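In: Make a model of this:
(one chain, ligands or ions: 3)
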Amino acid sequence: MQQSRRQFLKNMSIMASSFAMPSFLIPREANAQLPTPEWKVTGCQWGAVRAKVENGRVTEIKPFEFDKHPTEMINGIKGILYGEARVRYPMVRVDWLKNRQNSDRSRRGDNRFVRVSWKEALDIFYEELERMQKDYGPWALHTGNVGWRSSGQFHSCGNHMIRAIAMHGASVGTVGDYSTGAGQTIMPYVLGNTEVYSQGTSWEIILKETENLIFWASDPVKNLQVGWNCETHEAYAYLEQLKQKVAEKKINVISVDPVKSKTQNFLGCEQLYVNPQADMPFMLAIAHTLYKENLYDKDFLDVYTLGFEKFVPYLLGETEDKIEKTPEWAAPICGISAEKIREFARMLAGKRTQLIFGWAIQRQQHGEQPYWMGAVLAAMLGQIGLPGGGISYAHHYSSIGVPTSGAATPGSFPSNLGEEQTPKYTNKDYKGYSDVIPVARVTDSLLQPGESIDYNGRKIVYAPYKMAIFTGCNQWGRQSDLNKMKKAFQQLETVVTLNYSWTATCRFADIVLPACTPFERNDIDTYGSYSNRGVLAMHKLVEPMYESRSDFEIFKDLCSRYGEGKAEEYSLNLDEMGWLNRLYTECRRANRGRFEMPRQFDEFWKTGYVLFPEGKPWVRHADFREDPELHALGTPSGFIEIYSTKIANYGYDNCKGHPMWFEKDERSHGGPKSEQFPFWMQSVHPDKRLHSQLCEAKNLRETYSVQGREPFYMNPQDAEKLGIKDGDLVRVFNDRGQVLVGAVLSDDFPSGVVRLQEGAWYSPVDESIGALDTYGCPNTLTLDIGASKLSQATCVSTCLVNVEKWQGDAPAPNGFSGPVEVARQ
Ligand SMILES: Nc1nc2c(c(=O)[nH]1)N[C@H]1C(S)=C(S)[C@@H](COP(=O)(O)OP(=O)(O)OC[C@H]3O[C@@H](n4cnc5c(=O)[nH]c(N)nc54)[C@H](O)[C@@H]3O)O[C@H]1N2
Ligand SMILES: Nc1nc2c(c(=O)[nH]1)N[C@H]1C(S)=C(S)[C@@H](COP(=O)(O)OP(=O)(O)OC[C@H]3O[C@@H](n4cnc5c(=O)[nH]c(N)nc54)[C@H](O)[C@@H]3O)O[C@H]1N2
Ligand SMILES: [Mo]
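Out: Ligands and ions are numbered 1, 2, ... in the order given. Modelled structure (predicted):
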């Protein structure tokens, strides 16, 4: 049931290739005039661009002509390439170089490194891999979880690390991801699919048919700026049409969110304020109203769902908790009056209603519940599978809602070993530990070694791994509770990081290898992760700077140490351009007869892209609605499961047989711990970055930072009470950590709600536990517990803090200037 995004997209492209589609000729754009030679085509997750290269330097970036809604983020490309944070040379932590596994691990993070040669760095890396396999076994090596890397089908760095390490021996991996850990675990039980990574009803149909459009914790205008592959930004054309319809009062759009989102501001739509983490009481009260006022679709529930009768007693207060889930019960918790709740429920039932959920709402404790309950509400409304009705969990992501062209997409460099390949070490004895860790529990695995935890119907035994490799991710940006992770890292003998920018994950490593950026290598990419609108050439803009190398070259060189012929076995005897030719040619073959790609590779490479025609609009779950037997869902019963016998049988206390309200460990607005820490801190995804990517681009950072710090958004009245003015430095703290950030006062934020965007670079004054973070990474403050025994997912949205004005001198932000180079000792 667990599908990585990579696997998912792979399956999607197989699915896509099996659609019967008419054949098209290459559209006219593809024959457009060739660009002048110095303008190169490339792309990244924030869009395709043309880059002007003069004398080996990128001097200008402009959006690719197909992209009608480019993002400001492309201005960060030069900032990344030429920024002071570049990882320039292989570096080894000074004390580790001297003492290896006996180094003083409490000094990890002091940022003192020795420059070494590539040969020495890779020799050491190899020796450490050998030591792990010989002295311990596969349980001792953790191969991290690749994160948001850079796009590009060949160079995608995770594949390179995974393949190269697998050729050496087995290791401990991860399951799930940070984005949708709770959602992707619960939804297969409820709707038979992760839903979060599925194509959704086309915008075109929503615009035509939907009467009530509810953005529930969803901010597409902000979040569609980036995609998993090179993003086309096509969805924005539909959002512009939606704005027009809102202005003409032809559609009722409501954003259910504690804050006025960028989408709400853009559309000028209605805002329904809900207390943070209190959506469940609101939703239960909606269900209660629909039930009591007989506004729900009994026929739909009969034909398409199971278990409603087991859920109703809970609504009516006839089960253990004896609480009837009336609007009067919900109102003080969710902050919406009982009358407004009833009005909202009636409004939903009266017309064609499309619910669209974002993901932050499931990145909280018991994050499974609002997702499950969303499906229950949609089922009660009876519109699942109707054009413009039902539920979506992903219209804010990678242009979901733009129809899939149906074309096959290029494959990738293999991360797995071929059937005939044998690793150097074949030992698979994990000594009773699990070979995977739920991704957000990687810190716990170090702090509670050998402990057995529940996870999605099975047991996971935490491995006390000794060595970790991080590539394509910023572990010290994404994982919760960084002070806790500092303690955990002291268990590690060896940490290896590969990156092109000196993130905190480099600072807290022992061996750092300089990868080059995607702008310093050749690649090809799918243009539009879900729309599959084409294939894009990613031309190398400049040669790898300093001593950086592509991940492919790095791991090929590492593999040469495994033995004779191993480098070739790794690369399958192809070089970079050989691989691109192969991936393109295979894609072209797969599309033959349906989508003509008449150009040979060389010609494609010169032109820079191939575009496919837009696909046909479609409706999610329409086939299931049409014939629930023939198109049964992937749930155990084939129906929508309002009650899950399977989950009930797991016997978990924090995720039971049907959706429920569970109080949180921390919750604002009168909830637990709110007296001590009165502010709920949301760490939503950043407007002008991709997580921590681009934070290092100074030119871009300067457009939003405050006194050199990450902006901290808060309500003006709250600020006034604390004597805080717009632009002041403030200290934000709780019992887990403290950050120094710059106040931005805005009425978009209600009292008690503050925002610190995810991905701000962790920049502690020193390596000690509890040290002040001088730039403002939200994970200095977040809670590190599992969402529940079902998903064990990240809970970053469950976080309370306190705020005070900063007094006196402030330490300078120290995260962006790379390592301190010292002499070998
Ligand atoms: N508080 C809080 N925390 C969160 C979240 C939240 O909402 N709030 N969200 C979570 C979510 S949903 C996610 S997806 C994660 C994101 O967490 P990450 O995936 O760790 O985020 P990125 O900042 O994109 O990290 C990618 C890193 O890979 C590097 N990189 C890029 N290309 C290459 C390459 O070709 N080779 C190598 N070697 N390195 C490369 C980049 O420089 C960057 O440092 O964060 C999670 N953490
Ligand atoms: N610009 C940009 N876009 C991105 C990314 C990025 O880093 N930058 N990252 C991409 C990735 S990897 C991911 S996972 C997605 C993330 O997608 P999401 O997780 O959906 O995005 P967020 O922006 O974190 O949050 C969306 C909205 O949820 C609201 N919200 C938070 N908590 C609650 C709650 O308790 N109740 C209600 N009703 N609303 C709540 C927030 O106020 C916000 O408006 O974005 C993707 N898109
Ligand atoms: Mo994510």
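
In: Helices of the stretch 51-200 of the chain, residue ranges please.
Out: Along the stretch 51-200 of the chain, counting by DSSP state H, counting those that start in this stretch, helices occupy 76-81, 94-99, 118-131, 157-168, 181-190.

In: Next: the stretch 601-750 of the chain.
Out: Secondary structure of the stretch 601-750 of the chain (DSSP H, counting those that start in this stretch): helices at 601-607, 622-626, 645-650, 698-701, 716-721.

In: what sits up against the third one?
Out: This means helix 645-650. With Cβ atoms under 8 Å, 6 or more residues apart in numbering as the test, helix 645-650 has contacts from 189, 454, 457, 636, 655-657, 789-790. C-beta here means a position set from N, CA and C on the backbone, and glycine is covered the same way.

In: buried subset of those?
Out: The neighbour-count test (16 or more other Cβ atoms under 10 Å) marks 189, 454, 655-657, 789-790 as buried among the contacts of helix 645-650.

In: okay, those residues in CSV with pLDDT and distance to ligand 2 next?
Out: What follows is the buried ones among the contacts of helix 645-650, written out as CSV (pLDDT from 0 to 100; distance: Cβ to the nearest ligand atom, whole Å):
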residue, pLDDT, distance to ligand 2
Y189, 98, 21
D454, 98, 24
C655, 98, 17
K656, 98, 21
G657, 98, 23
K789, 98, 21
L790, 98, 19
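
In: can you put these in CSV and add distance to ligand 1?
Out: CSV is the format used below for these (distance: Cβ to the nearest ligand atom, whole Å):
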residue, distance to ligand 1
Y189, 21
D454, 23
C655, 20
K656, 26
G657, 28
K789, 21
L790, 18
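
In: With distance to D773 added, can I get these in CSV?
Out: Shown next, in CSV, are the buried ones among the contacts of helix 645-650 (distance: Cβ to Cβ, whole Å):
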residue, distance to D773
Y189, 38
D454, 33
C655, 33
K656, 38
G657, 42
K789, 31
L790, 32
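
In: now, which of the residues you listed lie within strands?
Out: D454 (DSSP state E).

In: Out of the buried ones among the contacts of helix 645-650, which comes closest to L97?
Out: D454 (41.3 Å; Cβ to Cβ).

In: I'd like the distance from the closest residue to that closest one other than its chain neighbours to M373, if you could.
Out: Closest residue to D454 apart from its sequence neighbours, by Cβ to Cβ, 6 or more residues apart in numbering: K789 at 3.8 Å. Computed as Cβ to Cβ, to the nearest Å, the K789 to M373 distance reads 18 Å.

In: which residues of the stretch 251-400 of the chain score low on pLDDT?
Out: Residue ranges of the stretch 251-400 of the chain with pLDDT under 70: none are present.

In: can you give me the helices in it?
Out: Counting by DSSP H, counting those that start in this stretch, the stretch 251-400 of the chain has helices at residues 262-267, 279-292, 298-304, 308-315, 327-334, 338-350, 368-381.

In: most packed of these?
Out: Burial of these is given as mean neighbour count (mean count of other Cβ atoms under 10 Å); helix 368-381 ranks first at a mean of 26.

In: Packing partners of that one?
Out: For helix 368-381, the packing partners by 3 or more Cβ pairs under 8 Å, 6 or more residues apart in numbering; DSSP states H and E come out as helix 181-190, helix 279-292, helix 298-304, helix 338-350, strand 353-357, strand 390-392.

In: nearest spatial neighbour of the residue in the stretch 51-200 of the chain positioned nearest to ligand 2, skipping sequence neighbours?
Out: Nearest residue of the stretch 51-200 of the chain to ligand 2, counting by Cβ to the nearest ligand atom: S179, 3.3 Å away. Nearest non-adjacent residue to S179, counting by Cβ to Cβ, 6+ apart: W359, 6.0 Å away.

In: List the backbone torsions phi and psi for the one you found.
Out: Reported as degrees, to the nearest 10, the phi and psi values for W359 are phi -110, psi -20.

In: Now do the same contact list for it.
Out: For W359, counting by Cβ under 8 Å, 6+ apart, the contacting residues are 179-180, 183, 196, 217, 393-394, 396-397.

In: go on, E248?
Out: Taking Cβ under 8 Å, 6+ apart, one finds nothing in contact with E248.

In: same thing with F679?
Out: Counting by Cβ under 8 Å, 6+ apart, F679 makes contact with 668, 714, 718, 752-754, 800-803.

In: Could you double-check that M681 sits in contact with N802?
Out: No - using Cβ atoms under 8 Å, M681 is not in contact with N802, being 9.9 Å away.

In: nearest residue to P711 other than its sequence neighbours?
Out: Nearest non-adjacent residue to P711, counting by Cβ to Cβ, 6+ apart: V744, 4.5 Å away.

In: same thing with N581?
Out: Excluding the flanking residues, the one nearest N581 by Cβ to Cβ, 6+ apart is F601, at 4.5 Å.

In: That neighbour and ligand 2, how far apart?
Out: The gap separating F601 from ligand 2 is 31 Å, by Cβ to the nearest ligand atom, to the nearest Å.

In: Distance of that residue relative to ligand 1?
Out: Counting by Cβ to the nearest ligand atom, the separation of F601 from ligand 1 is 22 Å.

In: Equivalent analysis for V253, please.
Out: 24 Å.

In: just G593 next, same as before
Out: Computed as Cβ to the nearest ligand atom, the G593 to ligand 1 distance reads 35 Å.
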